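Student: I need the structure of the sequence given here:
(chains A and B)
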There are 2 protein chains.
Amino acid sequence: MSKLLIVGTVAFDAIETPFGKTDKILGGAATYISIAASQFNVESGIVSVVGGDFPKDFLEKLNQKKIDTSGIEIVEDGKTFFWSGKYHNDLNVRDTLVTELNVLADFQPKVPKYFQDADFLMLGNLHPSVQKAVIDQIPNRPKLVALDTMNFWMDNTWDELMEVVAKVDVITINDEEARQMSGEYSLVKAAQKIHNMGPQYVVIKKGEHGALLFNNGDVFFAPALPLEEVFDPTGAGDTFAGGFIGHMASTHDISFDNMKRAVIAGSNLASFCVEKFGTERMMNLTKEEVQSRLQQFKQLTQFDIELN
Amino acid sequence: MSKLLIVGTVAFDAIETPFGKTDKILGGAATYISIAASQFNVESGIVSVVGGDFPKDFLEKLNQKKIDTSGIEIVEDGKTFFWSGKYHNDLNVRDTLVTELNVLADFQPKVPKYFQDADFLMLGNLHPSVQKAVIDQIPNRPKLVALDTMNFWMDNTWDELMEVVAKVDVITINDEEARQMSGEYSLVKAAQKIHNMGPQYVVIKKGEHGALLFNNGDVFFAPALPLEEVFDPTGAGDTFAGGFIGHMASTHDISFDNMKRAVIAGSNLASFCVEKFGTERMMNLTKEEVQSRLQQFKQLTQFDIELN
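Tutor: Sure, this is the predicted structure:
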């Protein structure tokens, strides 16, 4: 079974959408990525940090999903990273209300010995220096290294970001971030420029408008499943990334055709994530529901047209 | 061979995009629809009106594409409908600079005798009363009637619009118009409400984000082809509609599976339309180019995933 190492935030989120609001709930990139990846047959572990205020039963919930949390450092006298945001009626737009880095501010990642030979590495959204420090702790290069990042690091830590981006195989970013990173409005041109920064595969997430996978000239598109209601988009991008890397790790096949399936698998899981607040839907997702919705994805996208 | 009757504007357009601007060029919904449909094996004719200022060689260009223009009334002492618009850097947003209805203001459509037994009817964007007057001139209901409309008619002629919408099989509108027409933000819910207004099939055009086809519970999605450059989006929606109805008319098959192919055919042609100003690209499009790009659509969307 593949070992999948996941780096990213484990956090408290407080979310407000047009449909309601939450108190502090379990959140963070590594949380969503690992829960999504737990749908696949992989051994996954998280590298992250939380404060003494972080409930033990949140970690136990992850352990129940067979997610190794021994790499989550607990800083007893520190506070867990906290993010609070409010979504507009157009759920593609959100305001960040609070960002308290807390224990994340001085985080020095330590990869547990067991995961130092990980086959697959998912670098969730975090300071690029932390992402790079994790790569440096894995002596033999994994089969596939994927990285997610965001505009904040482009604005504030461009050089460090470029250093780590040069070392990864896959980057997953959203459309606006791809435009910012490349200086190109056309996503086709943006992907070309980002290829030149290092990643052989560029995945551009467009939220409700789906996701594009680029590989030097080849392009594949996965739509988002049209839903009656999107309740809370928080974690959808990370869930997509977790589904993507989970599929890749469980199949051990890094061909472009398999990467297409990974993009579909990620889109499929993300369509569940947004149905309830936070991790609630993903925590209670069955394999049957996942398979049934994959069938919907096929019906949504597959056609048979004659070429003369 | 199917007879396809197309109703809509034949117009002068003056277009400004970030890439340049044009003087008055050939435009109008019926123009784009008929040129797109001419890619298919159908006999098509236009019902429309122009002024004495309309160049005869524009009509001849349509005739060279085997498009019957005998139903285009020429009002010798009138002026042709004129539209002028300017696109923003985000080409999804445009400002209308000029709309001169001219001869369109008093237009009474007359369906040529030869097309009174049309098998397929495409009601392009026009006053809903004109659309209805055309339906009323076809004694035997066509195999398929499709209608395109826009927010202007929702704002100003709601009752007339509802009257004609109730009589059609397919409606094609963009996402904002679907939301306005239904009062629902979710496109899934919007499509359900629009079904209840009459059309069994609802096609929602999302521009660069593709198109959705709904049929009471079933849904199909066609992406737009990711392009390096979109030069001028004018006519893309009408070209999509023309490709859709052209495919349906040439195949004589009104099943949902064939309608999926029609949505792909429409998306495929629209991807050419936007590559140059106005009708230029569509006027010089070869069957080989169309087939080659259909292959790209397959590569873009088709995947093979195991369902357990």
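
Student: Dump the helix ranked longest in chain A to CSV, restricted to CA.
Tutor: Scanning chain A for the helix with the most residues, using DSSP state H, yields helix A:256-273. In CSV, the C-alpha atoms belonging to helix A:256-273 read as follows (Å, rounded to 0.1, in the frame of the first residue of the first chain):
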residue,chain,number,x,y,z
PHE,A,256,-1.8,11.3,-17.9
ASP,A,257,-4.8,9.0,-18.4
ASN,A,258,-4.8,8.1,-14.8
MET,A,259,-4.4,11.7,-13.8
LYS,A,260,-7.6,12.4,-15.7
ARG,A,261,-9.3,9.9,-13.4
ALA,A,262,-7.7,11.5,-10.4
VAL,A,263,-9.2,14.9,-11.4
ILE,A,264,-12.6,13.3,-11.8
ALA,A,265,-12.2,11.6,-8.4
GLY,A,266,-11.3,14.9,-6.8
SER,A,267,-14.2,16.7,-8.4
ASN,A,268,-16.5,14.0,-7.3
LEU,A,269,-15.4,14.3,-3.6
ALA,A,270,-15.5,18.1,-3.7
SER,A,271,-19.2,17.9,-4.8
PHE,A,272,-20.0,16.2,-1.5
CYS,A,273,-17.8,18.5,0.6
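
Student: what's the next secondary structure element after that helix?
Tutor: Note on helix A:256-273: by DSSP states H and E, the next helix or strand toward the C-terminus is helix A:280-283.

Student: now the helix or strand that comes right after that following helix against helix B:256-273, angle please.
Tutor: Toward the C-terminus, helix A:280-283 is succeeded by helix A:287-301 as the next helix or strand (DSSP H and E). Following axes from the mean of the first three to the mean of the last three C-alpha atoms, to 10 degrees, one obtains 60 degrees for the angle between helix A:287-301 and helix B:256-273.

Student: buried ones in helix A:287-301?
Tutor: With burial defined by 16 or more other C-beta atoms under 10 Å in any protein chain shown, the residues of helix A:287-301 counted as buried are A:290, A:293-294, A:297, A:300-301. To be clear about C-beta, it is placed using only N, CA and C from the backbone, and glycine gets the same treatment.

Student: Closest to residue B:106 out of these?
Tutor: residue A:300 (45.0 Å; C-beta to C-beta).

Student: Against chain B, how distant is the closest one?
Tutor: When distance is defined by C-beta to the nearest C-beta, to the nearest Å, residue A:300 is 5 Å away from chain B.

Student: check contacts around that residue.
Tutor: Contacts were defined as C-beta atoms under 8 Å, 6 or more residues apart in numbering or on different chains; by that measure residue A:300 touches A:223, A:225-226, B:219-221.

Student: Report how many residues lie close to the residue of the stretch 51-200 of chain A found nearest chain B.
Tutor: Minimum separation of the stretch 51-200 of chain A from chain B (C-beta to the nearest C-beta) falls at residue A:188, amounting to 4.7 Å. When neighbours are counted by other C-beta atoms under 10 Å in any protein chain shown, residue A:188 registers 17.

Student: Please identify which helix or strand holds it.
Tutor: When secondary structure is defined using DSSP H and E, the element that contains residue A:188 is helix A:187-196.

Student: Run through the neighbouring helices and strands of the next helix or strand after that helix.
Tutor: Once helix A:187-196 ends, the next helix or strand along the chain (criterion: DSSP H and E) is strand A:201-205. When contacts are defined as 3 or more C-beta pairs under 8 Å, 6 or more residues apart in numbering or on different chains; DSSP states H and E, strand A:201-205 sits against strand A:170-174, helix A:175-182, helix A:187-196, strand A:211-215, helix A:236-251.

Student: Now do the second one: distance to the chain's middle.
Tutor: Helix A:175-182 sits 17 Å away from the centroid of its parent chain (C-alpha atoms, centre = their mean, to the nearest Å).

Student: That helix and chain B, are they touching?
Tutor: No - Helix A:175-182 lies out of reach of chain B by C-beta under 8 Å from any C-beta of the partner chain, never closer than 10.2 Å.

Student: ok, residues contacting that helix?
Tutor: Counting by C-beta under 8 Å, 6+ apart, the neighbours of helix A:175-182 from elsewhere in the structure are A:149-151, A:154, A:173, A:185, A:187, A:189-191, A:193-194, A:197, A:202, A:204-207, A:209.

Student: Just the C-alphas of stretch A:42-59, formatted as PDB.
Tutor: These are the backbone C-alpha positions of stretch A:42-59, laid out as PDB (Å, rounded to 0.1, in the frame of the first residue of the first chain):
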ATOM      1  CA  VAL A  42      -3.600   4.300   1.100                       C
ATOM      2  CA  GLU A  43      -1.700   4.800   4.300                       C
ATOM      3  CA  SER A  44      -1.700   8.500   5.000                       C
ATOM      4  CA  GLY A  45      -0.100  10.600   7.600                       C
ATOM      5  CA  ILE A  46      -0.300  14.300   8.400                       C
ATOM      6  CA  VAL A  47       2.500  16.700   9.200                       C
ATOM      7  CA  SER A  48       1.100  19.800  11.000                       C
ATOM      8  CA  VAL A  49       0.900  21.600  14.300                       C
ATOM      9  CA  VAL A  50      -1.900  22.500  16.700                       C
ATOM     10  CA  GLY A  51      -2.200  24.100  20.100                       C
ATOM     11  CA  GLY A  52      -3.100  22.700  23.500                       C
ATOM     12  CA  ASP A  53      -6.600  24.000  22.800                       C
ATOM     13  CA  PHE A  54      -7.100  21.400  20.100                       C
ATOM     14  CA  PRO A  55      -9.700  18.700  21.100                       C
ATOM     15  CA  LYS A  56      -8.200  15.200  21.300                       C
ATOM     16  CA  ASP A  57     -11.400  13.800  19.800                       C
ATOM     17  CA  PHE A  58     -10.800  15.700  16.600                       C
ATOM     18  CA  LEU A  59      -7.500  13.800  16.200                       C
END
